[in-house]
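Undergrad: After the sequence you'll find the predicted model.
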Amino acid sequence: MTVSLDVAYDVALVADSNSPYGFSPGNTTLVGSMSNVVFVNVAPGTVSPSFSVPDGRACDSGWGDFDAPPGAYTAAITHCERP
């Protein structure tokens, strides 16, 4: 799954079970890792996330537009079922 934001941010990180730090740069989740995406230093204001879901999967993010405060990070955590 790919998660995108409609505002600027410094870096996006995805959960990576093969990384010694637990995360790798990117906004597309990795096979075999949790479906977490973290956006660091999100521009303040109203943010509209979008999710590109893999074919055949039902996913629930529970997300809609939200307000990001200055200097914040945003974590997008989704739950998907296997097809």
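TA: Here it is on my side, so go on.
Undergrad: mind listing the strands for this structure?
TA: Counting by DSSP state E, the chain has these strands, from start to end: 2-5, 11-15, 23-25, 36-42, 45-47, 49-52, 59-60, 66-68, 72-77, 79-80.
Undergrad: Just send the ones you listed back as TSV, with mean pLDDT and mean neighbour count too.
TA: C-beta: built from backbone N, CA, C; applies to glycine. Formatted as TSV, those follow (pLDDT from 0 to 100; neighbours: other Cβ atoms under 10 Å):
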stretch	mean pLDDT	mean neighbour count
strand 2-5	89	19
strand 11-15	93	19
strand 23-25	96	14
strand 36-42	88	20
strand 45-47	91	13
strand 49-52	84	14
strand 59-60	68	12
strand 66-68	87	13
strand 72-77	74	16
strand 79-80	65	13
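Undergrad: how close does A15 sit to S4?
TA: As for A15, its distance to S4 is 17 Å (criterion: Cβ to Cβ, to the nearest Å).
Undergrad: Ignore what I typed, I meant V42.
TA: V42 is 12 Å from S4, by Cβ to Cβ.
Undergrad: Then T74?
TA: For T74 relative to S4 (Cβ to Cβ), the value is 12 Å.
Undergrad: Check D16 too.
TA: For D16, the distance to S4 - Cβ to Cβ - is 19 Å.
Undergrad: what sits in contact with each of T74 and S4?
TA: P49 (Cβ atoms under 8 Å, 6 or more residues apart in numbering).
Undergrad: Look up how far S33 lies from P54.
TA: 14 Å.
Undergrad: Now do the contacts for N18.
TA: N18 neighbours (Cβ under 8 Å, 6+ apart): G32, S33.
Undergrad: Now for the spatially most central residue of the chain: which residues touch it?
TA: Taking Cα atoms, centre = their mean, the centroid of the chain lies closest to V37, which sits 2.9 Å from it. Counting by Cβ under 8 Å, 6+ apart, V37 makes contact with V3, A12, L13, V14, A15, N27, T29, A75, A76.
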